[in-house]
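fold the following, please.
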Amino acid sequence: MNEDSLRHELKVYKQSLEQQLAPPGMALNEDGCMLGAKIVWITLMETRSVRRWAAYNPVTDDTLHDWSGFVSMIVDSYLNRQMSWFPIERLQLELSAVQDLCAPPHDVVEWARIVYTVLEKVHPQFAKE
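Predicted coordinates for the structure are as follows:
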């Protein structure tokens, strides 16, 4: 699955979600959905916990370059230091250094939440009762 086919699938899911969940007049952001999917794939690549049998990378080299530092900071703190949080300011600094992106804290928190949600599924730290 390349980026174009993923974009097409996201359009179909977006239309379905808008019909089912979104209040009238509210639209889901396609680029935000794409970025979330890319962050999930980069997180899985960083943890090396899921084997992917495709012959090509799930994200482009540019996307991997832009987001691997952000994701690896969270993955390292989660797996090696068993931290279930990371300072938002340091993540913002990483994004501004690599991508020249000055993202607001609520966006950085959302992207970090995606990484932590994936980590919780593939490497749970706490037993579920």
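
can we go C-alpha only for contacts and neighbour counts from here?
OK.

the spatially most central residue of the chain: what's it in contact with?
In the chain, the residue lying closest to the centroid (Cα atoms, centre = their mean) is Ile39, at 2.4 Å. By Cα atoms under 8 Å, 6 or more residues apart in numbering, Ile39 lies in contact with Trp67, Val71, Trp111, Ile114, Val115.

buried stuff in the host helix or strand of the last one?
It refers to Val115. In the assignment (DSSP states H and E), Val115 maps to helix 105-122. Neighbour counts over helix 105-122 (16 or more other Cα atoms under 10 Å) mark Val108, Val109, Trp111, Ala112, Ile114, Val115, Tyr116, Val118, Leu119 as buried.

excluding sequence neighbours, find me the nearest residue to the second one.
Pointing back at Val109 there. Among residues not flanking Val109 along the chain, Ile88 sits closest, at 6.9 Å (Cα to Cα, 6 or more residues apart in numbering).

quick one, helices of the protein?
Ranges of helices within the chain are 3-20, 30-47, 61-79, 88-99, 105-122, based on DSSP state H.

weakest of those in terms of mean pLDDT?
Looking at those, the lowest mean pLDDT belongs to helix 3-20 (a mean of 72).

so what does it touch, helix or strand wise?
Counting contacts by 3 or more Cα pairs under 8 Å, 6 or more residues apart in numbering; DSSP states H and E, helix 3-20 is packed against helix 30-47.
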